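K.L.:
model the following, please.
(one chain, ligands or ions: 1)
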Amino acid sequence: MTARQPIPVTVLGGFLGAGKTTLLNALLARGDRRYGIMVNDFGAINIDAALIRRRDTRMITLTNGCMCCGPAADQNAALTALAEGGDDGIPPDQIVIETSGVADPRRVAQLAALEPTLLIDGVVVLADASAAAGLLADRLVGDTLIRQFARADLILLTKTDLVNPAGLAQAQAAIARAAPGVAMIASPASAASPDDGGFGAALVASGGLSPPAGTAAARHLPDDDIDHQADARFSSWSWASRGPVDRGRLLAALTALPPGVLRVKGVLPVAGADGRPAATVVQMVGRRWRLTPLAAPIGDTAPALGGPPPALGKTGRGIGHDGQGALVLIAATGALPAAPDLQTMFDAIRL
Ligand SMILES: Nc1nc2c(ncn2[C@@H]2O[C@H](COP(=O)(O)OP(=O)(O)OP(=O)(O)O)[C@@H](O)[C@H]2O)c(=O)[nH]1
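P.N.:
Numbers count the residues shown, from 1 in each chain. Modelled structure (predicted):
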């Protein structure tokens, strides 16, 4: 019997809302490899599990807290299970770990590297070109971004469609100062499309997910550079809709949130003018929000609606099914409004 080859593992990091799930969906849409996916959301409900448009792809979710602050054993047991393959016992060609936006992706890679069945391919950190310079300079969150960038093998600039050339240059300069010597590539603005994953597809096609050879092994930074505090530095609040919500009231609530709320995401049954609820993805990164219909898993034609709704759990299963909806807010600790106030605010958007 020949020993199995170790499975390559790519760690996909980047601050809250940088575009990790969008890129992952673009990767899955190519359908050329058998991926094993691990996702870690910071909030108590794993919204990403509902947003990753997978089919025939094995996915494991780790919820409630940041992977890099949690026990190595939990993470590695889940990764080992992924590497062993699903019910058919066929191992994936590649594992991609989407870390939470507040995690230190290098730490996640270092833990995974302890497993002999895994081979760390690289730590790819996404940077939102429209927000990176401001976030790097932010008193509360700057350190988190600096650590993510400085410990990356490759930095991919996303959302280049949202900036002009001067804005792009400013973002690149700020990131280069934070992460001297780390390779950085920007997606072509013309290919950036959050809807069809065009941006991600362009990056993937240009080989952008493969860090320059040798960099992964070279970047073993000292342990005291590890962020063990991400869980303490950020706070989240989650809300279950338990029924449809009104679109106008939802938008009013989102825009009334204080600027300290860095990220809102979820899937809610949103009723528009005709009063009929439709499963809707709610995205807010900084002040920029989007509401889009919940897409079917890649390769499926039927919408991800209908059928008996599975229980809404921490894993994100069931979100988007009839009447089941959830929203997660994330802010630097201290910047999140009080939970009772948020509860009142969002309870008022129910139909
Ligand atoms: N304009 C534009 N929007 C993008 C691009 N990439 C992602 N987005 C949007 O940015 C928002 C956040 O994208 P996600 O892929 O969910 O970001 P994420 O990094 O997975 O978010 P977290 O897991 O919460 O940290 C969504 O509304 C996306 O549609 C891009 O290249 N251009």
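
K.L.:
which SSE is the closest residue to the ligand within the stretch 201-350 of the chain in?
P.N.:
Using Cβ to the nearest ligand atom, the single residue of the stretch 201-350 of the chain nearest to the ligand is Gln283, 3.4 Å away. For every residue, glycine as well, the C-beta is placed using N, CA and C. In this structure, Gln283 is located in strand 277-285 according to DSSP states H and E.

K.L.:
so what's the residue of the stretch 201-350 of the chain closest to the ligand bridging to?
P.N.:
The partner list for Gln283 in beta bridges (DSSP bridges) reads Lys265, Arg290.

K.L.:
got the contact list for it?
P.N.:
Gly17, Val264, Lys265, Trp289, Arg290, Leu291, Thr292 (Cβ atoms under 8 Å, 6 or more residues apart in numbering).

K.L.:
how close does Leu79 sit to Val285?
P.N.:
Separation of Leu79 from Val285 (Cβ to Cβ, to the nearest Å) stands at 28 Å.

K.L.:
neighbour-wise, which of these two wins?
P.N.:
Leu79 (25 against 21; other Cβ atoms under 10 Å).

K.L.:
so what's Ala171 up against?
P.N.:
Ala127, Ala129, Ser130, Ala132, Ala133, Leu157, Val163.

K.L.:
before we move on, back to that, could you pick out which of the contacts of Gln283 are near the ligand?
P.N.:
Checking these against the ligand by Cβ under 6 Å from any ligand atom, the ones in range are Gly17, Lys265, Arg290.

K.L.:
identify the residue nearest the first one in space, chain neighbours excluded?
P.N.:
What it means is Gly17. Val285 (3.2 Å; Cβ to Cβ, 6 or more residues apart in numbering).

K.L.:
what bits of the stretch 151-300 of the chain have low per-residue confidence?
P.N.:
188-230, 296-300 (pLDDT under 70).

K.L.:
where along it do the helices fall?
P.N.:
Here the stretch 151-300 of the chain has its helices, by DSSP state H, counting those that start in this stretch, at 165-178, 198-205, 215-218, 230-233, 247-256.

K.L.:
the longest one: which residues count as buried?
P.N.:
Okay, so that is helix 165-178. With burial defined by 16 or more other Cβ atoms under 10 Å, the residues of helix 165-178 counted as buried are Leu168, Gln170, Ala171, Gln172, Ala174, Ile175, Ala178.
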